[in-house]
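In: Pasted the sequence and its predicted model underneath.
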Amino acid sequence: MFRARRTIENTFGILAQRWRILRKTIIGNVDTCESIVKATIVLHNFLQKKEEDIPEEQRRYSPMGYADSFDENGRLILGMWREEEYMLRSATRLGSNNATRRAQGARDKLASYLVSDVGSVPWQYDIIMTGSLPN
């Protein structure tokens, strides 16, 4: 569970660092918000895939050390995205932490999409289990 949560936090942190629109509340109806989030995910996956054949030290979208990783002893190494200007705030106590029903519905719909045959990428479950990006 810890690695899955860390993987999700890492992914959304990188998305928010790379896609400015995700850094604050999106003003729009649920369908528009879903489309925006899906578009950023598709672009993120496209850029990750595009850089697969580039040596890590030459990658621009997600360079070596940008994402969280684990060392050979299983210790967490925090990624560089956390050091940048607009890092995500801790979600331990933000107001009441009660999501609206619409927000929960949007989250559930997006989660269902991301684990469906259409919305998933072949390596996502390996990432969750190992806690690192594909080579």
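Out: Perfect, thanks for sending it. Nothing here was measured: the structure is a model prediction, and the numbers come from that model.

In: And the strands in this structure?
Out: 69-70, 76-77 (DSSP state E).

In: Go through those and name the closest to residue 34.
Out: Nearest to residue 34, of all the strands of the chain, is strand 69-70, at 30.0 Å by CB to CB. No exception for glycine: its C-beta is placed from N, CA and C like everyone else's.

In: Show me what the closest one is packed against.
Out: strand 76-77 (3 or more CB pairs under 8 Å, 6 or more residues apart in numbering; DSSP states H and E).

In: any residues touching the strand it packs on, and which ones?
Out: Applying CB atoms under 8 Å, 6 or more residues apart in numbering, the contact partners of strand 76-77 are 6, 65, 68, 69, 70, 71.

In: measure the nearest residue to the second one once chain neighbours are set aside to residue 60 for me?
Out: Read it as residue 65. Leaving aside its sequence neighbours, residue 65 sits nearest to residue 80 (CB to CB, 6 or more residues apart in numbering; 5.3 Å). Per CB to CB, to the nearest Å, residue 80 is found 13 Å from residue 60.

In: For the two, indicate the residue with more neighbours.
Out: Between residue 80 and residue 60, residue 80 has the larger neighbour count (other CB atoms under 10 Å), namely 15 against 10.

In: List the contacts of the more buried one.
Out: 63, 65, 66.

In: right, and the first one touches residue 48 too?
Out: No - here residue 63 lies out of contact with residue 48, judged by CB atoms under 8 Å, at a distance of 11.8 Å.

In: rewinding a little: mind giving me JSON lines with the strands of the chain and columns for distance to residue 119?
Out: Shown next, in JSON lines, are the strands of the chain (distance: least, CB to CB, whole Å):
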{"stretch": "strand 69-70", "distance to residue 119": "25"}
{"stretch": "strand 76-77", "distance to residue 119": "27"}
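
In: can you put these in TSV and add mean neighbour count?
Out: Shown next, in TSV, are those (neighbours: other CB atoms under 10 Å):
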stretch	mean neighbour count
strand 69-70	16
strand 76-77	12
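
In: Select, out of those strands, the one closest to residue 18.
Out: The nearest among the strands of the chain, by CB to CB, is strand 69-70 at 17.7 Å.
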